[in-house]
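Participant: 3D, please:
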Amino acid sequence: KVAEDPRFLKNSGRVTHREELTTVLQAHFYTRPAKTWVDLIHAVKVPVGMINDLKQTLQEEQVLARNMVIQMPHTLREDYTSIGSPIKLSKTPVEYKKAPPCLGEDTDAILSQYLSSAEMEELKSKKVIQQR
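Facilitator: I've put the predicted structure just below:
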């Protein structure tokens, strides 16, 4: 048993024999689904949680309940999905007006406030300004 193995009795031993311990624990934990282990460990009042990939995270009950996944039209695709604001204020809720711009999408509008058309064309011809 791992709990009785002298190599793993103290933290210093677990650190020294980390690779061996990891191998033993992985073999043990691969014998059942992750959710089973989480439920068993929660049952004995030890805090634990699964490590999710991005797709799993975006499907978590709490993430969905807090409206943390938003969808809006984007220049490149109609079904653009993004992360919502974590700050939720009842009197001033977040309004998502548009998706983030593509590279250079707003460049002309911003630079035209400060440069002439000729100056902007020169920068474009020199590839200083690049747009998608």
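
Participant: Next, S82: phi, psi?
Facilitator: The phi/psi pair for S82 (degrees, to the nearest 10) reads phi -140, psi 180.

Participant: repeat for V69
Facilitator: V69 adopts backbone torsions of phi -110, psi 120, taken as degrees, to the nearest 10.

Participant: gap between it and S82?
Facilitator: Separation of V69 from S82 (CB to CB, to the nearest Å) stands at 8 Å. All C-beta spots, glycine's among them, are computed from the backbone N, C-alpha and C.

Participant: in the protein, which ranges drop under the pLDDT threshold?
Facilitator: Across the chain, nothing is flagged by pLDDT under 70.

Participant: domains of it?
Facilitator: The record assigns the chain these domain ranges, following automatic domain parsing: 2-43, 52-97, 101-132.

Participant: measure the first one end to end?
Facilitator: It refers to domain 2-43. End-to-end distance of domain 2-43 (CA to CA, to the nearest Å): 21 Å.

Participant: can you give me the offset of it from its chain's centre?
Facilitator: Distance, stretch centre to chain centre, for domain 2-43: 27 Å (CA atoms, centre = their mean, to the nearest Å).

Participant: now do the last one
Facilitator: Using CA atoms, centre = their mean, we find the averaged C-alpha position of domain 101-132 to lie 32 Å away from the chain's own average C-alpha position.
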